[in-house]
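Undergrad: quick one: sequence and predicted model below, then my questions.
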Amino acid sequence: MVFRAGDRLTNRPYEIKKEVGMDYTSLRDLLAAGKWKKANWETGQVILRAANREKEGWLRYEDIEKFPKTDFRTMDDLWVEYSSGCFGFSVQKRIWEKLGGTKEWDDGIAKNWGVAIGWRREESWINYKRM
């Protein structure tokens with residue numbers, strides 16, 4: 001049997017856990033439908049709402065440090081579950097660490113990581129609109 005991104009590995013309904021009262025229904029539905037780009041946008045919006053940073057449109061380091069762990073894990077679990085392990089924060093972290101990445105920024109590792117996850121090609125980062 002061949003699995004593709006979006007194939008469910010289980011038939012169980014996915015339990016959504018949360019700390020801050022976010023609604024993950026739209027994200028779950030987009031992922032279930034394999035609408036990866038829309039799900040990526042929705043993930044960003046949910047992150048900004050959960051961190052109360054919608055107006056600013058970006059996170060500060062302290063926002064990331066304080067981000068509710070249960071909600072972060074829920075988003076990751078949804079991505080991993082509905083993409084059959086192809087996408088998710090934890091997937092990207094494993095690739096980063098496999099390339100030698102740590103919490104300290106390294107331009108060389110970042111470039112290799114971008115190639116590994118498909119965000120970088122021919123020495124340039126890919127424009128989001130072209131993905």
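TA: Thanks, I have the structure now.
Undergrad: CA only for contacts and neighbour counts going forward, please
TA: Noted.
Undergrad: give me the below-cutoff pLDDT ranges for this protein.
TA: Low-confidence regions of the chain, defined here as pLDDT under 70, cover residues 1-20.
Undergrad: try 50
TA: Low-confidence segments of the chain, defined by pLDDT under 50, span residues 1-13.
Undergrad: quick one, strands of it?
TA: Using DSSP state E, the strands found in the chain span residues 120-121, 124-125.
Undergrad: domains in the chain, by residue range?
TA: Domain assignment of the chain by automatic domain parsing yields the ranges 20-84, 99-131.
Undergrad: most tightly surrounded among those?
TA: Per-residue neighbour counts averaged over each of the domains of the chain give the maximum for domain 20-84, namely a mean of 16 (mean count of other Cα atoms under 10 Å).
Undergrad: so T43 touches D76, yeah?
TA: No - between T43 and D76 there is no contact under Cα atoms under 8 Å: 9.7 Å.
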